[in-house]
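1. Structure here, sequence nowhere to be found:
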Ligand SMILES: Cc1cc2nc3c(=O)[nH]c(=O)nc-3n(C[C@H](O)[C@H](O)[C@H](O)COP(=O)(O)OP(=O)(O)OC[C@H]3O[C@@H](n4cnc5c(N)ncnc54)[C@H](O)[C@@H]3O)c2cc1C
Ligand code: SF4
Ligand code: SF4
Ligand code: SF4
């Protein structure tokens, strides 16, 4: 990996240049909660001042720019007794600016599912390859537990990654196009002082984390505690609303629905991201349901995150961003649920 | 700035676009959601709610390259209406045979579509029965109810390669005589292909002369040793669970029995997660599993 | 035009209105982009609000509004007799809707208060299914035109329509809408059937539950959450009872 | 000339709600010419009791599916008056824009789908399969613009969500407002076509002198709040609306009736025009001129024409508001603190002046509510128009069928909203 130093003024010029020619997505403050906490989302930017890199977290992850909540898979045109299918991929380049390490790690996990499987997903690949990703270092956020999962830092999956050194950014470059992009402005080589400052900054960030969860035993515990009353307790709270999966940067499951115009001349096949907590997720014809109770569905989600995915891809699917816990009205959050499970295993 | 500084990545241009002609090849698969166009050339009613469809791929080239293994399934698409997973129950002279029960909206609509209607076909997907491994062995083919549909493909495979296999027994149970699928083929399988067929029904009618009861009862007939045999068991989960436990108590190793699981599926490609059992995608790691694996899947049955 | 080898029928549709605001009927004339296709997909036998044509025979009856008078009940029974398919259009028809709110007041006093010494006939509000068999319900206040279109198509095919099983929250999140609870407001989104594209939260208003319950509403936990966030039982109950579709348990 | 006629026209078509006309003419003498509202009463005023102030606007919007925005705005205004809340200027503009959207929605619906077929001699304006008529397309486009205004500002075409106590909950983005402006601008051409179309219709020539009541325009054509004015010279404050409406109950009609200086008065587009034509935009005046609408006009059928004139007016006003909103956006929500008190909100709904009045307890729950609906105010006038109309045309020897049609056209011209009137 190559490193460069970018003055903040130069960074401003770079963003201005990007805004001139491409769609730029970045964290933007869109309001506040009753408790006064600011709320940010990744949204299209129109000028540099809308960008707020000091944000703690966003409610919705950047996943919707790669796996949109609603996506047209194909369009049908009907003529008498026949039809044709049209498939279109998103081909416009765009810059996604200001992703934190956890979100980039989440993309790396999605990459494993979407690009390297038996059936690569062209809709995803097209969006992924057309996204220029600039990450940014930040201080630990409330409710996040990325450290426990080792996703508080990221080594790949971005084009540029910025660490704030006060008046300048320490930039990690991970792609050819990232390197080329930096040619548009003035950058300089890293000096010893920069490196020292960078390490100090990293050190400061690292020291901000609270205690971590010990997750090594978790996959085994999940099997052992399959019928634990922990699931009943948390499951009773679940509203079956699907918010957790909607805001999770790594959840990718979906449902498909098709529609046809009232005059039967055209139709569409549309994918909508779904959630395994929703009542009909595993229902089949005739009404049989493989996971009929809230608790079995809640349990399934934790299984997939921390055991199932691990079995297939050697890593858990969760990046510890804490979004699911923050957006759950019932307050179901991984650190507590996992904590309860581990405790149940201890005491049994 | 004049020129755009990010160059669009065009997935359709990067490599020569290749239609997914054969899903069994890990070939340069690009447009995974594009389906073959298939024409319904024949539709025959087998029972009150089951019809057998012959679907012929419209493009000759696609027809030629379409190949499948017994046990695999395709996604059948009614454009603008919906898509459902259906096991391939046979393929002959350029058409695919699909045996479809009217179970809900999409299947009801397929039942209504007239001859000549065009449907979309994606696939074949999934794992298949290990017909190679079974060569030279005795085979038990056991079906309950609509389980006969996925079982028909292995039967056809056996009849076409009869000399490769040892003794073949078909045990088939159904609720009532009118629900027995493919009854017009039994004679041929018996007389020409030398397959022993035992039938049983729950609710006999006046004309029924055969056995009465559930399919597990037919297992009593089996006298030969099972440790060197193979079994394919298709039917509802309760049925195959019973049958497989019975078979293993009779001495058949659990990894020599194969079953086909049914789950909700929306993609067939391990993306929608709807068919997940624990960490296993029924569409990719299944639908055919050996019974040992199924026993180890939490929530599988 | 054939669709998948099937020739779609053009059903004869009659539209009726009972006690309600007629806003749902009005939705049928909205959705300008494909209004012509929509209206041509059926033969409108009767639609008093927009047409003076009046045919006796029809296959599908779309009935809007709740029943609050004897003559309405009679007409409903007659419509049930004649229609092959009876559809309850809108929350009033499905659940009694807003008109049901009057049921918690004393009918005599209520009448006196509004009409003085000339009281009007008014029975306790009932939904259609409290009187006749309803084949299909289309909830919403007002109904969502897109959903009506899909349902009409399903009626044309004679196949049941499946509503989303998920509550409003999912669509809310998927549209980048800020949670109303986070803004200090009450929202019935976690209980209410999705499919409205979270219209109210998107417009800056908590959900009022016009579409009735989602597949598995968790009332107990919902009330606990709302109370914990400082809403009184009175507020919560007022909200839950608003459109008549949700359960109001203490 | 002797005419014998006994007609019941039950459940009149192409009006909102259920109403009947009873006609009995024997030997040319009118025994009965009666307008009767048979819509089921819903008792909104009672339902409102004990409701939290945040529910009032949402509940009362359900009085009517066509003028839900009007009801909501009247309700919010009454609540805000009761609590002494002043809403921010931008919110005021947004509300007016939503109001204009509704006026367009309602007027276009009435002109094309409800009244229009009478002039075209059609049962309805439904398109024929495969070939929708040009008039249908025109109606579709115009209603489309109206619906999009409401969608954008109020959050939905019917039963608004963003109009809330204290102001408006969301500010539409600049881009969306700009698109709307373009659309409004383009629709002016369609409005010109509509003016031509209605100019080609033969409007029945019938005159009966009556009193016209509306809000009083001060700096512009009046829509939301202000003083009340009658063409007979009565003027009252918004809070004293009851002296203007004088509601009374008639046995047999589910709707109440109103009177002022005479046994009946009229509200609505024609009343607004007659009372405030001086405030109209030049283009609106031009349209009135082209369509032969001259103040003070006493032909109730000309209400249709007054509606078109108002559509011109409202479209021009809407364009100006969008310009203001894009150039100086500001706050859209004021803080609302409930207190005990009472407040009145008067609004010019599409069919005329609408009043809501609430009394609140100190926690913001409603103690008493009163809503006076435009159609209630028009009912007596409709009723009293029928006999002279029948008399005039019966003398001309008109056929029964024509006469019947004319009577229904008269009722329709008022664009009555019967669910509203028996809220
Ligand atoms: C691998 C596999 C092979 C199958 N082979 C056959 C076959 O050969 N013949 C046959 O008649 N049926 C077969 N089925 C079952 C068949 O797919 C369902 O009956 C069918 O999906 C019901 O769809 P529907 O739209 O008619 O019903 P609905 O109840 O309207 O279903 C709605 C949606 O739910 C999903 N769904 C519902 N039930 C099932 C189910 N059991 N499995 C998967 N998805 C479901 C589908 O996505 C469907 O679009 C098979 C299923 C699987 C998984
Ligand atoms: S499961 Fe929760 S904490 Fe983990 S990645 Fe998803 S949203 Fe974040
Ligand atoms: S606003 Fe309502 S519907 Fe949306 S997420 Fe919050 S609770 Fe759910
Ligand atoms: S958000 Fe709630 S109240 Fe609003 S339309 Fe949807 S279901 Fe109805």
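-> In hand now; what should we look at? Values in this document were obtained by computation on a predicted structure and should not be read as measured data. Residues are numbered from 1 along each chain as shown, chains lettered A, B, ... in the order given. Ligands and ions are numbered 1, 2, ... in the order given.
2. the strands in the stretch 301-423 of chain D, which residues?
-> Using DSSP state E, counting those that start in this stretch, the strands found in the stretch 301-423 of chain D span residues D:341-349, D:352-360, D:366-372.
3. cool, and chain C?
-> Counting by DSSP state E, the segments of chain C that form strands are C:12-17, C:43-47, C:60-64, C:85-89, C:136-138.
4. chain center to the fourth one: distance?
-> For strand C:85-89, the gap between its own C-alpha mean and the chain's C-alpha mean amounts to 11 Å (Cα atoms, centre = their mean, to the nearest Å).
5. Point out the other elements, helices or strands, that the helix or strand of chain D with the lowest mean pLDDT touches.
-> Using mean pLDDT, DSSP states H and E, strand D:5-9 stands out as the lowest-scoring helix or strand of chain D, at a mean of 72. With contacts defined as 3 or more Cβ pairs under 8 Å, 6 or more residues apart in numbering or on different chains; DSSP states H and E, the packing partners of strand D:5-9 are strand D:19-26, helix D:400-413. C-beta coordinates here come from the backbone N, C-alpha and C atoms, glycine included.
6. Compare those and say which comes out lowest on pLDDT.
-> Ranked by mean pLDDT, the helices and strands packed on strand D:5-9 bottom out at strand D:19-26, with a mean of 82.
7. can that one be found next to chain C?
-> No. For strand D:19-26 and chain C, the contact criterion (Cβ under 8 Å from any Cβ of the partner chain) is not met; the two come no nearer than 10.8 Å.
8. Strand D:5-9 and the helix or strand following that strand, what's the angle between them?
-> Of the helices and strands lying after strand D:19-26 in sequence (DSSP states H and E), the nearest is strand D:29-37. Angular relation of strand D:29-37 and strand D:5-9 on a 0 to 180 degree scale: 0 degrees, by axes from the mean of the first three to the mean of the last three Cα atoms, to 10 degrees.
9. Just the residues contacting the helix or strand just after strand D:29-37, thanks.
-> Going down the chain from strand D:29-37, the next helix or strand is helix D:44-47, by DSSP H and E. By Cβ atoms under 8 Å, 6 or more residues apart in numbering or on different chains, the residues outside helix D:44-47 that reach it are C:98, C:101-102, C:105, C:110, C:113-114, D:59-60, D:63, D:369-371, D:423.
10. Is the helix or strand just after helix D:44-47 positioned near chain C?
-> Stepping forward along the backbone from helix D:44-47, the first helix or strand reached (DSSP H and E) is helix D:53-61. Yes. For helix D:53-61 and chain C, the contact criterion (Cβ under 8 Å from any Cβ) is met by D:55, D:58, D:59.
11. again with stretch A:65-74
-> Yes. With Cβ under 8 Å from any Cβ as the threshold, stretch A:65-74 lies in contact with chain C, specifically through A:69, A:70.
12. what pLDDT, on average, does that stretch get?
-> This predicted structure assigns stretch A:65-74 an average pLDDT of 94.
13. Residue B:283 against residue B:123, yeah?
-> No. At 9.8 Å, residue B:283 does not count as touching residue B:123 under the criterion of Cβ atoms under 8 Å.
14. Common neighbours of these two, please.
-> Applying Cβ under 8 Å, 6+ apart, one finds that residue B:283 and residue B:123 are jointly contacted by residue B:268.
15. Comparing those two, which residue is more hemmed in?
-> A count of neighbours by other Cβ atoms under 10 Å in any protein chain shown puts residue B:283 above the other of residue B:283 and residue B:123, at 29 against 25.
16. What about residue 174, how many residues nearby?
-> Here I'm looking at chain A. By the other Cβ under 10 Å criterion, the neighbourhood of residue A:174 contains 20 residues.
17. My question was about chain C, not that one.
-> One way to gauge burial is a neighbour count; for residue C:174, by other Cβ under 10 Å, it gives 22.
18. what's the distance between it and residue A:15?
-> In this structure, residue C:174 lies at 28 Å from residue A:15, with Cβ to Cβ, to the nearest Å as the measure.
19. What of residue B:67?
-> Taking Cβ to Cβ, one finds residue B:67 at 53 Å from residue A:15.
20. And the two? Which one has more around it.
-> Comparing residue B:67 with residue A:15 by other Cβ under 10 Å, the one with more neighbours is residue A:15, at 20 against 13.
21. Need the phi and psi values for the more buried one.
-> Geometry field for residue A:15 lists phi and psi as phi -60, psi -40, criterion degrees, to the nearest 10.
22. residues in contact with it?
-> Shown in contact with residue A:15 (Cβ under 8 Å, 6+ apart): A:24, A:45, A:48, A:51, A:97.
23. For chain A, what's the nearest residue on the stretch 301-423 of chain D?
-> In the stretch 301-423 of chain D, the residue that lies nearest chain A is residue D:333 (11.9 Å; Cβ to the nearest Cβ).
24. Who does that residue form a beta bridge with?
-> With DSSP bridges applied, the residues forming beta bridges to residue D:333 are residue D:167.
25. need the residues of chain B near chain C, please.
-> Contacts of chain B with chain C, taken as Cβ under 8 Å from any Cβ, map to B:40, B:78-81, B:105, B:108-109, B:112-119.
26. if I look at the residue of the stretch 301-423 of chain D closest to chain A, how far off is residue C:78?
-> Plainly put, residue D:333 is 50 Å away from residue C:78 if you go by Cβ to Cβ.
27. quick one: which of the two has more around it?
-> More crowded of residue D:333 and residue C:78, by other Cβ under 10 Å: residue D:333, with 18 against 10.
28. ok, the more buried one touching residue D:88?
-> Yes. Judged on Cβ under 8 Å, residue D:333 makes contact with residue D:88 at a distance of 7.1 Å.
29. tell me the domain ranges of the chain?
-> Went with chain A since none was named. Chain A resolves into domains spanning A:2-63+A:89-207, A:218-254+A:276-347 when parsed by automatic domain parsing.
30. To clarify, I was referring to chain C.
-> In the domain annotation for chain C, the residue ranges read C:12-157, C:168-240 (automatic domain parsing).
31. Now tabulate those domains in TSV and tack on mean pLDDT and distance to residue B:293.
-> Output for these, formatted as TSV (pLDDT from 0 to 100; distance: least, Cβ to Cβ, whole Å):
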stretch	mean pLDDT	distance to residue B:293
domain C:12-157	90	39
domain C:168-240	94	31
